[in-house]
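>>> Quick check, what structure comes out for this input:
(one chain, ligands or ions: 1)
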Amino acid sequence: MNVGMVGYKFMGKAHSHAYKDVGMFFDMNADVVMKAICGRDEQGVKDAAAKFGWESYETDWRKLVARPDIDIVDINAPSDAHKEITLGAIANGKHVFCEKPLALNLADGREMLEAAEKAGVKHAVCFNYRFLPAVQLAKQIIDEGRLGDIHHYRATYLQDWLVDPNFPLAWRLKKEVAGSGAHGDLNAHCIDLARFLIGEFDRVIGHNRTFVKERPIPASTTGLSGTASEQMGEVTVDDATGFLADFKNGAMGSFIATRFATGRKNGNTFEIHGSKGTIRWDLERLNELEVYFRDDEPNEAGFRRILVTEGTHKYAGNWWPTGHIIGYEHGFVHIVYEFVQHITEGTPFAPTFLDGVRCQEVLEAVDLSIERGSWVNVSEV
Ligand code: SOE
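Numbers count the residues shown, from 1 in each chain. Modelled structure (predicted):
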């Protein structure tokens, strides 16, 4: 499986690491070959190719997607580039692995899904957190009915990299490039995890805020840091978006995504209360799952912490002996493993572009509810 990848910054590094490691830890049906990496700045992409271990580089994605030696096109460039590159890749018969959020808006996402289905290529959206062992265990516990009927789903995604008003106006703060702010970047993950764990959304109502409306134009940015110039520009996305939800199974949900949660760096959490028990998880302690079961011995009932590093825990056994924890980057290795197996062996796979579209529907329903100041049924968007 020869991969051609567009993007070489923060996510480019995470994806490259996944392609590099996957064959070392997982038994694959095919070798994953890092064929070509693509970016507009020749020196930048050339350096990335050498450092990350790609065989070659391109400076025009059109050339990359047309190369006959590429099977999978991986897109981790900013969100405004997802649709065009995806459609180009599909037109050339390539399978596509795309970062989240799938597209700038729902209409574009639907177009991408339709094109992929029509062409019969395989497609994936990089909702990497599904693929952590503790999240997989949470899913297993819920699917086995051990939480009973689900009453509450509470999710947060808390970061603080924008609290400083002098943090420069990076691409993630421009609507035309990113689509939205904390909502599309962070709530997208929370929405996907909620759908994965407990099922579909029914209706939503939200509110949002842009706390700092102008920021210095960047002199340079990398990842989530950067240097500012003297000139100011307008922030055109939300700094924080919160919303309430009703799920189709009758559960009540609450969600908050913010880049202003002072002191919280990557607080992606969920807490799920059911009629028989509760589970909670926090990305900042990603190898642990806390569980509470009502049918425990009353004298000993209480939350207990499972260290999800046993060989019996999904993916964990592919890494280290019991107790030797894994990290943020491993979720990317696991999703790449599943996608390549899906392409080569026909094993079932999700999240596909359909999941990307479903997520985008909820994102857009929330925005519509904010505009209207009332509940919106997700089926309306
Ligand atoms: C930055 O806010 C970011 O890198 C997101 O874009 C990712 O999707 C998330 O996993 C971590 O934070």
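
>>> For the host helix or strand of residue 281, list the C-alpha coordinates in PDB.
Using DSSP states H and E, residue 281 sits within strand 277-282. What follows is the C-alpha trace of strand 277-282 in PDB, where atoms were taken according to Å, rounded to 0.1, in the frame of the first residue of the first chain:
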ATOM      1  CA  GLY A 277     -23.300   2.100  36.100                       C
ATOM      2  CA  THR A 278     -21.000   4.900  35.000                       C
ATOM      3  CA  ILE A 279     -17.800   5.200  33.000                       C
ATOM      4  CA  ARG A 280     -15.500   8.200  32.600                       C
ATOM      5  CA  TRP A 281     -12.400   8.900  30.600                       C
ATOM      6  CA  ASP A 282      -9.900  11.800  30.200                       C
END
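
>>> Could you pick out the residues of the stretch 251-381 of the chain near the ligand for me?
residue 266 (C-beta under 6 Å from any ligand atom). C-beta here means a position set from N, CA and C on the backbone, and glycine is covered the same way.

>>> Run through the stretch 251-381 of the chain and note the low-pLDDT ranges.
In the predicted model of the stretch 251-381 of the chain, no residue satisfies pLDDT under 70.

>>> show me where pLDDT drops low in the stretch 101-250 of the chain?
Across the stretch 101-250 of the chain, residues meeting the criterion (pLDDT under 70) sit at 223.

>>> What sits closest to the residue of the stretch 251-381 of the chain found nearest the ligand if chain neighbours are left out?
Checking the stretch 251-381 of the chain residue by residue against the ligand with C-beta to the nearest ligand atom singles out residue 266 as nearest, at 5.9 Å. Closest residue in space to residue 266, ignoring its immediate chain neighbours: residue 283 at 5.5 Å, by C-beta to C-beta, 6 or more residues apart in numbering.

>>> my guess is the one you found contacts residue 135, does it?
No. Assessed by C-beta atoms under 8 Å, residue 283 is found out of contact with residue 135, at 9.2 Å.

>>> on that earlier part again, next up, the contacts around the residue nearest to residue 266.
Residue 283 makes contact with 129, 266-269, 328, according to C-beta atoms under 8 Å, 6 or more residues apart in numbering.

>>> Same check on residue 29?
Residues in contact with residue 29, defined by C-beta under 8 Å, 6+ apart, are 340-341, 344-345.

>>> how about the helices in the chain?
Taking DSSP state H to define them, one finds helices in the chain at 10-25, 42-52, 61-66, 82-91, 106-119, 133-143, 175-178, 182, 188-198, 330-345, 353-372.

>>> For the ones you listed, give me TSV that also has mean neighbour count.
Formatted as TSV, those follow (neighbours: other C-beta atoms under 10 Å):
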stretch	mean neighbour count
helix 10-25	19
helix 42-52	16
helix 61-66	19
helix 82-91	22
helix 106-119	18
helix 133-143	20
helix 175-178	16
helix 182	28
helix 188-198	24
helix 330-345	22
helix 353-372	22
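
>>> Let me know which of these is the nearest to residue 241.
With distances scored as C-beta to C-beta, the stretch of the helices of the chain nearest to residue 241 is helix 182 (5.6 Å).

>>> coming back round to it: for residue 239, find the nearest of the helices of the chain.
Closest among the helices of the chain, using C-beta to C-beta: helix 182, at 6.2 Å.
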